[in-house]
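Participant: would you be able to build a 3D model of this:
(4 chains)
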Number of protein chains: 2
Amino acid sequence: MEIQGLPGRLLADLGPAIAGGEIPEGAVLRAEELEGRFQVSRTVVREAVRILESMRMVAPKRRVGITVRPKSEWDVFDPLVIRWRLAGADRAAQLRSLGSLRVAVEPAAAALAAVHASDDDRRELSALAVELTVTARAADLETFLAHDIAFHAIVLRASGNEMFAHLKDTVGAVLTGRTEHHLMPHQPRPYAVQLHREVAEAICAGDAALAERSMRTIVAGALDELNATLD
Amino acid sequence: MEIQGLPGRLLADLGPAIAGGEIPEGAVLRAEELEGRFQVSRTVVREAVRILESMRMVAPKRRVGITVRPKSEWDVFDPLVIRWRLAGADRAAQLRSLGSLRVAVEPAAAALAAVHASDDDRRELSALAVELTVTARAADLETFLAHDIAFHAIVLRASGNEMFAHLKDTVGAVLTGRTEHHLMPHQPRPYAVQLHREVAEAICAGDAALAERSMRTIVAGALDELNATLD
DNA sequence: GCAACACAATCGTCATACTTTTACTTCCCG
DNA sequence: CGGGAAGTAAAAGTATGACGATTGTGTTGC
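Facilitator: As a prediction, the model looks like this:
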């Protein structure tokens, strides 16, 4: 999953530093400086910088250096960029953006899933809905989180849309993030759990409209909570 | 916008070839072979391959070669991947995926725009709605397309969500693609134009629900037409 | 003051040598 | 005959030195 080798390590240092604002917009790095700072060869520096360039985070320019581009131009859908921003100072803004994205996408995915889900998908969703209920009552946040991630991942995949399916990891990161940073109630809200059951049932029954509505209530609620907590 | 230099050129050859299935999943390339085939040095090949690796399209492995990963693992949100797929054999599938994405995102963006749009945004939207009406009646497809792209771009930007805003180019590519490939009526439908006017008015009036509904009608209609044409 | 020119800094590319990993092959022992 | 251990070679990974290309900057001369 990660980029391998020394360029990967460089990237794992530079990426978060830029995404977190430690290296600000407009800052200018020099390749030679990076070679020295990280004790690697030009080859490695260049490959790492190329990757950052492909994410539109930096722009190398002759006679000038490697300039950090304004945040507004970054590839905000790149999984690495998302992860770096979630890990750093930009976490709040990133969570808000992702929250809105979820509100847009997940209800649509649920509606599609109600039409396209395989029998296995439907079975798994039902099972997970039960698990969510149990672990929520037991206040077992860790297991609850795992099941919650799996639940949303299946809905996204079952939608039959490859782009929705790829948001699985991103949604997972959001759910993980808000649990880790205690942006969630200590015990999952019974109403939210109930809504998950509703989504599962609606998808099983092929009721697209209900699946969409219930899912929208879930993600809109999550976004509201998020905004309430962050303010 | 593009990756610069020789690696960029290599990428512009390899990327579309892989995205278009010309180089199939599971195929194994060797760095040395690429050096010879494109008459570039090791450095250049490695940088291009690194970028493809960061898009999850290939996985270099020692003693094996550079393997083309299954399409399902690619970074489907990467603008380059989207462009390459739109240009190649995968165009239909890519248009469908993007169609669903638009149905999910653009109505949400319109709703947010009704709340967050600046006065300038609202003025521009109104003006563009008028332009759309005029150019549609004149059957000036080229100008119509430009204004249509601008219209949707402004709605996405005015939503205030950076991730939505970044879908501007992608939506633009979809609109361009369907005009170029004649997946559109010869003269824009009056009803669709009317809906654009409704969106503009709703956003100007701050009516989020109406903006969302009208926009949904637009994009859902576009998706229906697309499916009808591609089948 | 300004324009042309020269300079130097920095990235971009190439060629080559060496290192590291690892699939495959071979061979020996049970 | 099989299985495992050791050796081999193939491929990517890294380092380095040299040169090319571009371009901001300063300098010089009018």
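
Participant: got the contact list for the helix or strand of chain A with the lowest mean pLDDT?
Facilitator: Between all helices and strands in chain A, the lowest mean by mean pLDDT, DSSP states H and E belongs to helix A:168-180, at a mean of 93. With contacts defined as C-beta atoms under 8 Å, 6 or more residues apart in numbering or on different chains, helix A:168-180 is touched by A:79, A:82-83, A:86, A:91, A:95, A:98-99, A:102, A:106, A:141, A:145, A:148-149, A:152-153, A:156-157, A:183-184, A:222, A:226. C-beta coordinates here come from the backbone N, C-alpha and C atoms, glycine included.

Participant: which ones, among those, also lie beside chain B?
Facilitator: Residues of the contacts of helix A:168-180 in contact with chain B (C-beta under 8 Å from any C-beta of the partner chain): A:Pro79, A:Leu98.

Participant: narrow the contacts of helix A:168-180 to those in strands?
Facilitator: If you go by DSSP state E, those have nothing in strands.

Participant: show me how to select, in PyMOL, the buried members of the contacts of helix A:168-180.
Facilitator: A single PyMOL command is used to select the members of these judged buried by 16 or more other C-beta atoms under 10 Å in any protein chain shown:
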select buried, chain A and resi 79+82+83+86+91+95+98+99+102+106+141+145+148+149+152+153+156+157+183+184+222+226
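
Participant: near DNA strand C, which residues of chain A?
Facilitator: Proximity of chain A to DNA strand C, by C-beta under 7 Å from any atom of the strand, involves residues A:29-32, A:42-43, A:46, A:49, A:60-66.

Participant: so which of the residues you listed is the most crowded?
Facilitator: Highest neighbour count within the residues of chain A next to DNA strand C: A:Val49, with 23 neighbours (other C-beta atoms under 10 Å in any protein chain shown).

Participant: gap between that one and A:Arg42?
Facilitator: Distance of A:Val49 to A:Arg42, given as C-beta to C-beta, to the nearest Å: 10 Å.

Participant: what sits in contact with each of these two?
Facilitator: Residues touching both A:Val49 and A:Arg42 (C-beta under 8 Å, 6+ apart): A:Ala31.

Participant: write out the residues of chain A neighbouring chain B.
Facilitator: A:3-4, A:7, A:43, A:46-47, A:50-51, A:53-55, A:60, A:72, A:75-80, A:93, A:97-98, A:100-101, A:103-105, A:107-109, A:112, A:159, A:161-164, A:166.

Participant: could you flag which of these are buried?
Facilitator: Among those, those buried by neighbour count (16+ other C-beta under 10 Å) are A:3, A:7, A:46-47, A:50-51, A:53-55, A:60, A:75-80, A:97-98, A:100-101, A:103-105, A:107-109, A:112, A:159, A:161-164, A:166.

Participant: which among those residues are in contact with DNA strand D?
Facilitator: Contacts with DNA strand D within those, counted by C-beta under 7 Å from any atom of the strand: A:Pro7, A:Glu47.

Participant: which SSE is immediately downstream of the host helix or strand of A:Glu53?
Facilitator: Using DSSP states H and E, A:Glu53 maps to helix A:42-54. Using DSSP H and E, the next helix or strand after helix A:42-54 towards the C-terminus is strand A:58-61.

Participant: which elements pack onto that next one?
Facilitator: Where contact means 3 or more C-beta pairs under 8 Å, 6 or more residues apart in numbering or on different chains; DSSP states H and E, strand A:58-61 is packed against helix A:42-54, strand A:65-68.

Participant: tell me the mean pLDDT for the first one?
Facilitator: Okay, so that is helix A:42-54. With pLDDT averaged residue by residue, helix A:42-54 scores 98.

Participant: quick one: residues in contact with it.
Facilitator: Applying C-beta under 8 Å, 6+ apart, the contact partners of helix A:42-54 are A:3, A:5-8, A:10-11, A:14-15, A:18, A:31, A:34-35, A:38, A:58-60, A:66, A:75, B:3-4, B:7, B:43, B:46-47, B:50-51, B:54-55, B:80.

Participant: mind redoing it with 7 Å?
Facilitator: The list of residues contacting helix A:42-54 from outside it, by C-beta atoms under 7 Å, 6 or more residues apart in numbering or on different chains, reads A:3, A:6-7, A:10-11, A:14, A:31, A:34-35, A:58-60, A:66, B:3, B:7, B:43, B:46-47, B:50-51, B:54.

Participant: next, the angle helix B:42-54 makes with that helix.
Facilitator: Helix A:42-54 and helix B:42-54 are oriented at 40 degrees to each other (axes from the mean of the first three to the mean of the last three C-alpha atoms, to 10 degrees).

Participant: distance of the closest residue in space to A:Pro107 that isn't next to it in sequence from DNA strand C?
Facilitator: Sequence neighbours aside, A:Arg216 is the residue nearest to A:Pro107 in space, at 4.0 Å (criterion: C-beta to C-beta, 6 or more residues apart in numbering or on different chains). Using C-beta to the nearest atom of the strand, to the nearest Å, A:Arg216 is found at 46 Å from DNA strand C.

Participant: do A:Thr176 as well
Facilitator: From A:Thr176 across to DNA strand C, the span is 29 Å (C-beta to the nearest atom of the strand).

Participant: ok, A:Leu141 - contacts?
Facilitator: Shown in contact with A:Leu141 (C-beta under 7 Å, 6+ apart): A:Thr179.

Participant: centre-most residue in chain A?
Facilitator: Geometric centre of chain A, nearest residue: A:Thr170, 2.1 Å, by C-alpha atoms, centre = their mean.

Participant: chain A: helices as residue ranges?
Facilitator: For chain A, applying DSSP state H gives helices covering A:5-19, A:31-38, A:42-54, A:79-87, A:91-116, A:119-137, A:141-158, A:162-166, A:168-180, A:190-205, A:208-230.

Participant: can I get these in CSV with distance to B:Arg123?
Facilitator: Converted to CSV, these look like this (distance: least, C-beta to C-beta, whole Å):
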stretch, distance to B:Arg123
helix A:5-19, 35
helix A:31-38, 46
helix A:42-54, 36
helix A:79-87, 33
helix A:91-116, 25
helix A:119-137, 47
helix A:141-158, 38
helix A:162-166, 33
helix A:168-180, 35
helix A:190-205, 40
helix A:208-230, 29
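
Participant: can you tell me how far the closest residue to A:Ile51 other than its chain neighbours sits from A:Val58?
Facilitator: In this structure, A:Ile51 finds its nearest non-sequential neighbour in B:Ser54, 4.7 Å apart by C-beta to C-beta, 6+ apart. For B:Ser54, the distance to A:Val58 equals 13 Å [C-beta to C-beta].

Participant: just to revisit the earlier point, buried residues, the least confident helix or strand of chain A. List them.
Facilitator: Neighbour-count burial for helix A:168-180 [16+ other C-beta under 10 Å]: A:Lys168, A:Thr170, A:Val171, A:Gly172, A:Ala173, A:Val174, A:Leu175, A:Gly177, A:Arg178, A:Thr179.

Participant: number of nearby residues for the spatially closest residue to A:Pro16 that is not a sequence neighbour?
Facilitator: Closest residue to A:Pro16 apart from its sequence neighbours, by C-beta to C-beta, 6+ apart: A:Trp84 at 4.7 Å. Residues lying near A:Trp84 (other C-beta under 10 Å) number 24.

Participant: repeat for A:Ala92
Facilitator: By the criterion of other C-beta under 10 Å, A:Ala92 has 17 neighbours.
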